[in-house]
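[1] Attaching a predicted model along with its sequence, questions to come.
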Amino acid sequence: MNAFDPILQERSKDLFNYSMESGTYVPKFLEVKALLGGLQFSSVLQDYVADVQVRIDKIIRSSDRYWVKGRNLAVEYLVTKWPEQHSLDSIKESAFLERLRSYHLPKYFLEVKGFQVNPDGCVVLRGLDFGNILETRKRLTAEFEWLPSRQSGWAHIPIGRILCKIDPPTCSELIQECRRSHAAHGLKEPIEHLHYVHERQWYMETREILKSISLY
């Protein structure tokens, strides 16, 4: 990130309703189905995220932001349904999950190395999974043509969104904080299960785990 994009930031606000009562942004009810790791991560990773969120709060000095709660943190493997799409065919969905189970995917450690802030204000942890997520995503999208073409191209954990206007000095502070986090010692998070989730409210505020698959 070199600068915030005010147009993209404004679009980010479309994912939330503003509560006059609490003075906070609340994620909208939008339906997504996705394959995820996490939900929930270890207390070590949750504490790491909370520390990043506090550090950013001290820089932006604004309550116009949203932070993902520790219990809702996840790393995205693949999305099977975006909000604008129709409901999925249950037969296709079952075949997808059975095929995924047949892969016998291995357990692994997701390496987290700092955070970054995107031009739209989205704040994410940078993940290094050494091909586990990317290879699984590539394999599934090749086998199931009905999967959405819009998929993430890397491993990351969304931890919140900055929704306030950011002036150049504050942006510079954030960039420096990002760089310090990249240089600092990271952590390794064990991934031992995958969860197929029906998310009804953005950022996993309301969700149902439809299927959990153990890794080997």
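    Done, it's in.
[2] So Thr80: helix, strand or coil?
    strand (DSSP: H, G, I helix; E, B strand; the rest coil).
[3] got the contact list for it?
    Lys33, Ala34, Leu35, Leu88, Glu93, Phe96, Leu147, Pro148 (C-beta atoms under 8 Å, 6 or more residues apart in numbering). C-beta here means a position set from N, CA and C on the backbone, and glycine is covered the same way.
[4] so what's the second one closest to, chain neighbours aside?
    I take that to be Ala34. Closest residue to Ala34 apart from its sequence neighbours, by C-beta to C-beta, 6 or more residues apart in numbering: Val79 at 4.7 Å.
[5] what comes up buried for the biggest helix by length in the chain?
    Longest helix in the chain, counting residues (DSSP state H): helix 43-60. For helix 43-60, burial by neighbour count (16 or more other C-beta atoms under 10 Å) applies to Leu45, Tyr48, Val49, Val52, Gln53, Ile56, Ile59, Ile60.
[6] and the two most separated of the residues you listed?
    Using C-beta to C-beta, the two most remote members of those are Leu45 and Ile60, lying 22.6 Å apart.
[7] picking that back up, and the residue nearest to Ala34, what does it touch?
    Listed by C-beta under 8 Å, 6+ apart, the contact partners of Val79 are Val32, Lys33, Ala34, Leu35, Leu147, Pro148, Arg150, Gln151, Ser152.
[8] quick one: the first one and Gln201 touch, right?
    Spelled out, it's Val32. No. With contact defined as C-beta atoms under 8 Å, Val32 does not reach Gln201; the gap is 9.6 Å.
[9] Gln116 in helix, strand or coil?
    Here Gln116 is strand, with the state taken from three-state DSSP.
[10] mind checking pLDDT for it?
    Predicted confidence (pLDDT) for Gln116: 95.
[11] Please report how far it lies from Trp146.
    As for Gln116, its distance to Trp146 is 32 Å (criterion: C-beta to C-beta, to the nearest Å).
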